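Participant: When you get a sec, could you give me coordinates for this:
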Amino acid sequence: MRLEDWPLRLDRLISEARDKPFEWGTHDCGTFAADVVETLTGVRLPLPKGYTTARGSMLAMRRKTGSSQMDGAVSYFLGEPLESPLLAQRGDIVLHETQALGVCVGQSAMCLSEAGLASVSVNECVKVWRV
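Facilitator: Numbers count the residues shown, from 1 in each chain. Next up, the predicted model:
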């Protein structure tokens, strides 16, 4: 269940994420998605810790979730994805075609990669999970 003031909290999180440098294990697409879930619901996902590289991230996630694929790891925490990315609503977690996670903000999504936070079309997303 989402917190009553989730829209304001989400806007604040996105604004803060724009100025924060990408860092594996502390500010990467997985931790960003977990931050979104916590911001909207107050529940912190038990992500693996201690990784500092992309490879380390996938190894830690595989140990935690049993999946070496991004969509499988996200489904471990959030359940099965929706039937179509076009069903995404504001605040839902999305998986961009580049395998970067982000959050739906309407017709676009904010995804985090090593290049930083970027706006992409929801049409470029391949999976979406309801939060």
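
Participant: show me where the chain has strands.
Facilitator: Chain-ordered strands for the chain, with DSSP state E as the definition, fall at 93-96, 101-104, 108-113, 116-121, 125-129.

Participant: Quick one: the ones you listed as CSV, columns for mean neighbour count, distance to Pro85 and mean pLDDT too.
Facilitator: Every residue, glycine included, has its C-beta placed from N, CA and C. Formatted as CSV, those follow (neighbours: other CB atoms under 10 Å; distance: least, CB to CB, whole Å; pLDDT from 0 to 100):
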stretch, mean neighbour count, distance to Pro85, mean pLDDT
strand 93-96, 26, 7, 97
strand 101-104, 26, 9, 97
strand 108-113, 22, 9, 96
strand 116-121, 15, 10, 95
strand 125-129, 21, 4, 97
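
Participant: nearest to Met58, of those?
Facilitator: strand 101-104 (13.0 Å; CB to CB).

Participant: CA atoms of the closest one as CSV?
Facilitator: Below are the C-alpha coordinates for strand 101-104, written out as CSV (Å, rounded to 0.1, in the frame of the first residue of the first chain):
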residue,chain,number,x,y,z
LEU,A,101,15.8,0.0,-13.7
GLY,A,102,13.7,3.1,-13.2
VAL,A,103,10.4,4.5,-12.2
CYS,A,104,7.4,5.4,-14.3
